[in-house]
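Novice: only the shape, not the letters, is given here:
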Ligand SMILES: O=C(O)CCC(=O)C(=O)O
Ligand SMILES: [Fe+2]
């Protein structure tokens, strides 16, 4: 796999052999008709959001069969890595000259919406795009770029320190089932990796006793720094089990930074999981036009450190969240809107 690195094994963990095969869909061979599905102008995603999403879903119906089949398989049965990488999707014309948005806000220089269409078209085959009011004013397409002053903070606009492993919005009652990351520009050195570790790779490294503790609601997670008030305090979120679902093939709630155990034994099990993740994680270097789909229930992710230059051409991703069932969050959304407005006190 291009740009992959195995995680360094920790002394107290027996290293495991992790297969290096990443499910990849090569989109660089799309014919002109398929390219046009992404490139042809359509509704404005920021003004006519619902029209834009419907239009993208209709366009996605016309994508080549192998793309739809891969997305369908990923949606229905996932895979052991919990990721699907679509490589070489179309990019906005003239993107090379558009600056990476300072402050990671919406770009006013980018006046075409190809990247947004990639996210919405691919996302529509997995579920429905949603956003959270606390993050970037509820933008469905969020710009991730290094921001001056955030170099060492554990948020997506950090850079120089490793972004620790997390499930996206682990504390949220309507957490997304999928996270999509589209790369508009890699980092200058082209060495940054989006890191990930699936529970199916980490589980074999855990003892029966640790597994059983992790299946109990002996853990508390904090509210993300980006979600406001309760932000900087750890352990203010709900009590949860770390593992849930089928014992042999579980889902996981995990946040290396924000999660705390409520008993010493539970803390040992959490530490064992942390070591297991450090032992099995892998990384993928996203390039322009690559879209990484992450199964947020099976796989935690993070990012390796990098050096920003703040010269207008730093690393730039767009991110979207996907839920399988819009109805679950209906009570916390306004009619006809995708923004989830659940409030968190703190
Ligand atoms: O920058 C990356 O590659 C990952 C960032 C991240 O964790 C996120 O956006 O949720
Ligand atoms: Fe993340």
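Specialist: That came through fine. This is a predicted model, so every value here is computed, not measured. Numbering: from 1, shown residues only. Ligands and ions are numbered 1, 2, ... in the order given.

Novice: give me the residue from the stretch 1-150 of the chain nearest ligand 1.
Specialist: residue 144 (5.1 Å; C-beta to the nearest ligand atom). (Each C-beta comes from the backbone N, C-alpha and C, glycine too.)

Novice: also the stretch 201-346 of the chain?
Specialist: residue 303 (3.9 Å).

Novice: burial check on the residue lying closest to that residue once chain neighbours are set aside, number of neighbours?
Specialist: Excluding the flanking residues, the one nearest residue 303 by C-beta to C-beta, 6 or more residues apart in numbering is residue 163, at 3.9 Å. For residue 163, the count of nearby residues is 20 (other C-beta atoms under 10 Å).

Novice: now do the contacts for residue 163.
Specialist: 154-156, 195, 302-303 (C-beta atoms under 8 Å, 6 or more residues apart in numbering).

Novice: next one: whichever residue of the stretch 101-250 of the chain sits closest to ligand 1, what pLDDT does it get?
Specialist: Residue nearest to ligand 1 within the stretch 101-250 of the chain (C-beta to the nearest ligand atom): residue 194, separated by 3.5 Å. Here the pLDDT value assigned to residue 194 is 97.

Novice: helices and strands around the strand or helix carrying residue 265, which ones?
Specialist: According to DSSP states H and E, residue 265 maps onto helix 264-280. Helices and strands touching helix 264-280, by 3 or more C-beta pairs under 8 Å, 6 or more residues apart in numbering; DSSP states H and E, are strand 194-198, helix 199-202, helix 208-214, strand 259-261.

Novice: list the contacts of stretch 61-74.
Specialist: 23, 25, 27, 30, 34, 37, 60, 79, 84, 86, 121-122, 125-126, 293, 295.

Novice: ditto for stretch 304-313
Specialist: Taking C-beta under 8 Å, 6+ apart as the rule, stretch 304-313 contacts 99-100, 102, 146, 148, 151, 159-162, 185, 187-189, 191-193, 195, 283, 314-315.

Novice: give me the buried positions along it.
Specialist: By neighbour count on 16 or more other C-beta atoms under 10 Å, the buried set for stretch 304-313 is 304-306, 308.

Novice: next one: stretch 94-111
Specialist: Neighbour-count burial for stretch 94-111 [16+ other C-beta under 10 Å]: 95, 98-101, 104, 107, 110.

Novice: does ligand 1 sit close to that stretch?
Specialist: No: applying C-beta under 6 Å from any ligand atom, one finds stretch 94-111 separated from ligand 1 by no less than 10.2 Å.

Novice: list the contacts of that stretch.
Specialist: Residues contacting stretch 94-111 (C-beta under 8 Å, 6+ apart): 46, 92, 112, 136, 139, 142-147, 156-157, 184-185, 288, 310, 312-316.

Novice: ok, residue 187 to residue 144 distance?
Specialist: 12 Å (C-beta to C-beta, to the nearest Å).

Novice: shared neighbours of those two, which are they?
Specialist: What both residue 187 and residue 144 touch, as defined by C-beta under 8 Å, 6+ apart, is an empty set.

Novice: can you pull the phi/psi pair for residue 132?
Specialist: phi -120, psi 130 (degrees, to the nearest 10).

Novice: tally of neighbours for it?
Specialist: Neighbour number of residue 132 under other C-beta under 10 Å is 27.

Novice: wait, residue 245 sits on residue 215?
Specialist: No: with contact defined as C-beta atoms under 8 Å, residue 245 does not reach residue 215; the gap is 9.3 Å.

Novice: for the protein, which residues are neighbours of ligand 1?
Specialist: Counting by C-beta under 6 Å from any ligand atom, the residues of the chain that sit close to ligand 1 are 144, 156, 163, 168, 181, 194, 301, 303, 317, 319.

Novice: flag the least confident of the residues you listed.
Specialist: Minimum pLDDT across the residues of the chain next to ligand 1 falls on residue 156, with 91.

Novice: bridging residues for the spatially closest residue to that one that is not a sequence neighbour?
Specialist: Leaving aside its sequence neighbours, residue 156 sits nearest to residue 144 (C-beta to C-beta, 6+ apart; 4.5 Å). Applying DSSP bridges to residue 144 yields these beta-bridge partners: residue 317.

Novice: from the contacts of residue 163, which two are the most distant?
Specialist: Maximum pairwise distance among the contacts of residue 163 (C-beta to C-beta): 15.6 Å, between 155 and 195.

Novice: okay, these two: which has more neighbours?
Specialist: Between residue 155 and residue 195, counted using other C-beta under 10 Å, the more crowded position is residue 195 (21 against 15).

Novice: who does the more buried one bridge with?
Specialist: Counting by DSSP bridges, the residues bridging with residue 195 are residue 283, residue 302.

Novice: wait, it sits on residue 283?
Specialist: Yes: Residue 195 is within contact range of residue 283, at 4.6 Å (criterion: C-beta under 8 Å).

Novice: can you tell me which of the contacts of stretch 94-111 are in strands?
Specialist: 142-144, 184-185, 316 (DSSP state E).

Novice: neighbour count added to those, as CSV?
Specialist: Listed next are the ones in strands among the contacts of stretch 94-111 as CSV, based on neighbours: other C-beta atoms under 10 Å:
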residue, neighbour count
142, 22
143, 22
144, 22
184, 26
185, 20
316, 25
